[in-house]
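Visitor: I would like to see how this sequence folds:
(one chain, ligands or ions: 1)
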Amino acid sequence: LPIPNLPLSNGTAIPQLGAGVFLVEPGEAEGVVATALEVGYRHIDTASVYGNEAEVGRAVARSGIARDELFITTKLWNSDQTRAADAFAESLDRLALDRVDLYLIHWPQPMFGEALGAWKSLIEIAESGRASAIGVSNFEIADLQQLMDETGVVPAVNQIELHPLHQRRELVEFCTQHGIAIEAWGPLAQGKSDLFERPELLEIAQKHGKSPAQVVLRWHVQQDRIVFPKTVRRERMIENAELFDFALDADELAAIDAYEAGTNFGPDPRTFDAR
Ligand code: NAD
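Guide: Next comes the predicted model:
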């Protein structure tokens, strides 16, 4: 699969398309990741809280693919923000890797005030070479500003809920201005909306001989976002990767932009306090 790399501000590069493994059942993740690698994915997005790092690690080891051809992301869970160094070491152990390509703070949890300390630990982890890049997830402008003001280190990415119904334009603009790459989670609105039945989208899809999911993913890709749609089905993995042989024109992009409704399916990052 011809998947382009995007540059990150710290000088590394990330495959623009990956496979996400949130809610892939324990016992199923190893096979799902093995299939993704088999069909050509090289970028896997996991997290300690997903409970499948060990399975991701086994699939990676079994694949025999050279480590430097793979891009592995994992995330620091909320209750570990005051023990990031240890939690990171535990993630590496479960993944059976000696480094990850990207390590993220999963949620800002502004009500606890621990993210800045965690960010300082991630900076040390990056300096040690065990994370090639570091970033954050679900951070709002104020959360990002605090880390940058206090440490001078700009997160390489912000992984946020982003899809046609929830476009976060102000936050995206802020990230773009500061060279923070946008990773869109829930890029297909988690399959929880009527998006794929909307007439304008169906018409665009038909015109290009693509599925509505492919058009929505292409809409992200043309805006330089990184996506890792989740699916456990091999045929959908292939479908979701066939994004680089067509292009949406300005009118088609605008028709999808017009779906903005401020609708999030995940938690509100300002109040999400789960530990
Ligand atoms: P998603 O938007 O990728 O939606 C996944 C769902 O879309 C699937 O369950 C399936 O129902 C449907 N789908 C997938 N491919 C399809 C296709 N080709 N045609 C029709 N339907 C299709 O949502 P997600 O899994 O929540 O997000 C992707 C990844 O983002 C996750 O797996 C995870 O790695 C990451 N994520 C991160 C956070 C965070 O807080 N950082 C939160 C949620 C997800």
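Visitor: How about the residues of this protein by the ligand?
Guide: For the chain, the residues in contact with the ligand (CB under 6 Å from any ligand atom) are 20-22, 45, 106, 137-138, 159, 185-191, 211, 213, 228-231, 236, 239-240, 266. All C-beta atoms are positioned from the backbone trio N, CA, C, and that covers glycine.
Visitor: Which among these count as buried?
Guide: Using 16 or more other CB atoms under 10 Å as the burial test, those include 20-21, 45, 106, 137-138, 159, 185-190, 211, 213, 228-231, 239-240 as buried.
Visitor: Next, Pro110: secondary structure please.
Guide: Recorded secondary structure, Pro110: coil (DSSP: H, G, I helix; E, B strand; the rest coil).
Visitor: What count of nearby residues applies to it?
Guide: Using other CB atoms under 10 Å, Pro110 has 18 neighbouring residues.
Visitor: I'd like to know how far it sits from the ligand.
Guide: For Pro110, the distance to the ligand equals 15 Å [CB to the nearest ligand atom, to the nearest Å].
Visitor: Check Ser48 too.
Guide: Relative to the ligand, and taking CB to the nearest ligand atom, Ser48 is found at 12 Å.
Visitor: Next up, the contacts around Pro2.
Guide: Contacts here follow CB atoms under 8 Å, 6 or more residues apart in numbering; on that basis Pro2 touches Phe244.
Visitor: still on that earlier bit, just to be sure, which of the residues of the chain next to the ligand are found in strands?
Guide: Counted as lying in strands by DSSP state E, out of the residues of the chain next to the ligand, are Gly20, Asp45, Ser137, Gln159, Trp185.
Visitor: Which one of these is nearest to Gln81?
Guide: Nearest to Gln81 among these: Ser137, at 12.5 Å, using CB to CB.
Visitor: The closest one touches Tyr103, doesn't it?
Guide: No. Shown here, Ser137 and Tyr103 do not form a contact pair, counting by CB atoms under 8 Å, at 10.5 Å.
Visitor: any common contacting residues for those two?
Guide: Lys75.
Visitor: what does the model give whichever residue of the stretch 1-150 of the chain sits closest to the ligand for pLDDT?
Guide: Per CB to the nearest ligand atom, Gly20 is where the stretch 1-150 of the chain lies closest to the ligand, at 2.4 Å. We have a pLDDT of 97 for Gly20.
Visitor: Next up, the contacts around it.
Guide: By CB under 8 Å, 6+ apart, the contact list for Gly20 reads Asp45, Trp185, Phe228, Pro229, Lys230.
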